[in-house]
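K.L.:
turn this into a structure:
(chains A, B and C)
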Amino acid sequence: MGRGRGSVPRVLGRAFFARPALVVAPELLGCVIEHDSAQGSVAIRLTEVEAYQGELDPASHAFRGPTPRNAVMFGEPGFVYVYFTYGMHFCMNLVCAPPGTASAVLLRAGEVVEGLDVAAGRRGDIPARGLARGPARLTMALGVGRADNGANACDPASDLRIRPRSAAVDVAINAGPRVGVSTGETVPWRFWLDGEPTVSSYRAHARRRRPANPSASPSGHAQGFGA
DNA sequence: CCATAGATGCACT
DNA sequence: GTGCATCTATGGC
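P.N.:
Numbers count the residues shown, from 1 in each chain, chains lettered A, B, ... in the order given. Next up, the predicted model:
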């Protein structure tokens, strides 16, 4: 499904990912992640991502060096790092920077542009914009799990691959603090497309037994650059 | 819309 | 044992 007979899907190249996550992340907005499975293909146009800066980044799984779990992050750019969290959710990253540098971009949300029925079968009968609104929801809608850890998204023959933007991004790219992270960093490492209903609403990580922070931006559609 | 609680497996201290 | 790069259900406004 989704490709002409005998043609090969166009994918982003290794060189695109062989740069720091902070550079790659905003350029991924509008690109399309696609997964083939026995149930059919699902494609999602990315509307929200987050950069993780490996050993420089206290919030990164790679902050304390390589482990069996995060090994893929230290490997080839353009490969997929899938992790399991909260006892029930999978989230997926695209690895950035040359091997040895654990830089990666978390895919946080997107718009299902192909395989709507397949995605809905996995996520249930909810408004379409909610199918991939949130990193674990996006992964579920795609049908991605443990088995996809280490897949090469730059391989056109891969079941899990990343396509370039099919159209220019004609809205503002917003930047803000990451979700679930409290490192006190001043650099905004979360990026999203302005006005997208598929962007997950921002919550300043519901810390256990701590009052809500009234100074945090409560909206998923917060201000853009320099605002 | 917003806020909170509970679920639940596992990597790592 | 602790704490998750989270989600859903349920409650209030």
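K.L.:
and the gap between the nearest residue to A:R163 once chain neighbours are set aside and A:C91?
P.N.:
Excluding the flanking residues, the one nearest A:R163 by C-beta to C-beta, 6 or more residues apart in numbering is A:V32, at 4.2 Å. In this view, the C-beta of every residue, glycine as well, is placed from N, C-alpha and C. Distance, A:V32 to A:C91, by C-beta to C-beta, to the nearest Å: 18 Å.
K.L.:
same check, this time on A:G6
P.N.:
From A:G6 to A:C91 the distance is 35 Å (C-beta to C-beta).
K.L.:
those two: which is more packed in?
P.N.:
Just comparing A:G6 and A:C91: by other C-beta atoms under 10 Å the higher neighbour count belongs to A:C91, 20 against 5.
K.L.:
where does the more buried one sit: helix, strand or coil?
P.N.:
Using DSSP: H, G, I helix; E, B strand; the rest coil, the secondary structure recorded for A:C91 is strand.
K.L.:
hang on, isn't it packed against A:V105?
P.N.:
No - counting by C-beta atoms under 8 Å, A:C91 sits too far from A:V105 to count as a contact (11.4 Å).
K.L.:
how about the residue in chain A positioned nearest to DNA strand C: what's its closest non-neighbour residue?
P.N.:
When scored by C-beta to the nearest atom of the strand, chain A has A:G134 as its residue closest to DNA strand C, at 2.2 Å. Spatial nearest neighbour of A:G134, chain neighbours left out: A:S200 (4.5 Å); criterion: C-beta to C-beta, 6+ apart.
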